[in-house]
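**Q** Sequence and predicted structure are below.
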Amino acid sequence: MPPTVHALRNEIRVKVGRYEREVSSDFTKEALAAICEAVDYDLGSGGLPSKAQMRAGILRSIGEHEGDDPEGLNRSFRKAEVQAIAEALREG
């Protein structure tokens, strides 16, 4: 049986030095920033970008999105995207 989105999110959280969550929840802005760092997406200086911008950057860094335009990414990651992130972190 394939892992659930909750299990994949927790795997990603652990890989980037965050803590597991008992209940299923989306990534916090801080967790997204940690994922950005793990996949070598430069957050720039002057505070954290929007969640949509970080999601786009993460997906671009792992080859799942063209460019880092946040258009259409003002939402949670889809299961296939979470799987791709987890796989990229396993390989990295």
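**A** Looks like it arrived, so ask away.

**Q** Any chance you could list what contacts stretch 32-43?
**A** 12, 15-18, 27, 48-49, 51, 54-55, 57-58, 60-62, 68, 85, 88-89, 92 (C-beta atoms under 8 Å, 6 or more residues apart in numbering). (C-beta placed from N, C-alpha, C; glycine too.)

**Q** Give me the buried entries from those.
**A** 12, 15-16, 18, 27, 49, 51, 54-55, 57-58, 60-62, 68, 85, 88-89 (16 or more other C-beta atoms under 10 Å).

**Q** May I see the buried residues of the longest helix belonging to the chain?
**A** Taking DSSP state H as the criterion, the chain has its longest helix at helix 79-91. Within helix 79-91, the residues scored as buried using 16+ other C-beta under 10 Å are Glu81, Val82, Gln83, Ala84, Ile85, Ala86, Ala88, Leu89.

**Q** Now do the contacts for the second one.
**A** This points to Val82. Val5, Leu8, Arg9, Ile12.

**Q** mind redoing it with 7 Å?
**A** Val5, Leu8, Arg9 (C-beta atoms under 7 Å, 6 or more residues apart in numbering).

**Q** for the third one, same thing?
**A** Neighbouring residues of Gln83 by C-beta under 7 Å, 6+ apart: Leu8.

**Q** Double-check His65 against Ala56; I have them as touching.
**A** Yes - assessed by C-beta atoms under 7 Å, His65 is found in contact with Ala56 at 5.9 Å.

**Q** Tell me where the protein has helices.
**A** Going by DSSP H, the chain shows helices at 5-15, 29-38, 51-61, 79-91.

**Q** send the alpha carbons of the first one over as CSV?
**A** The one in question is helix 5-15. Taking C-alpha atoms only, helix 5-15 is exported to CSV below (Å, rounded to 0.1, in the frame of the first residue of the first chain):
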residue,chain,number,x,y,z
VAL,A,5,0.0,12.1,2.2
HIS,A,6,0.3,12.5,6.0
ALA,A,7,3.1,9.9,6.2
LEU,A,8,4.9,11.5,3.2
ARG,A,9,4.7,15.0,4.8
ASN,A,10,6.1,13.6,8.1
GLU,A,11,8.9,11.9,6.2
ILE,A,12,9.7,15.3,4.5
ARG,A,13,9.5,17.1,7.8
VAL,A,14,12.0,14.7,9.4
LYS,A,15,14.3,15.0,6.4
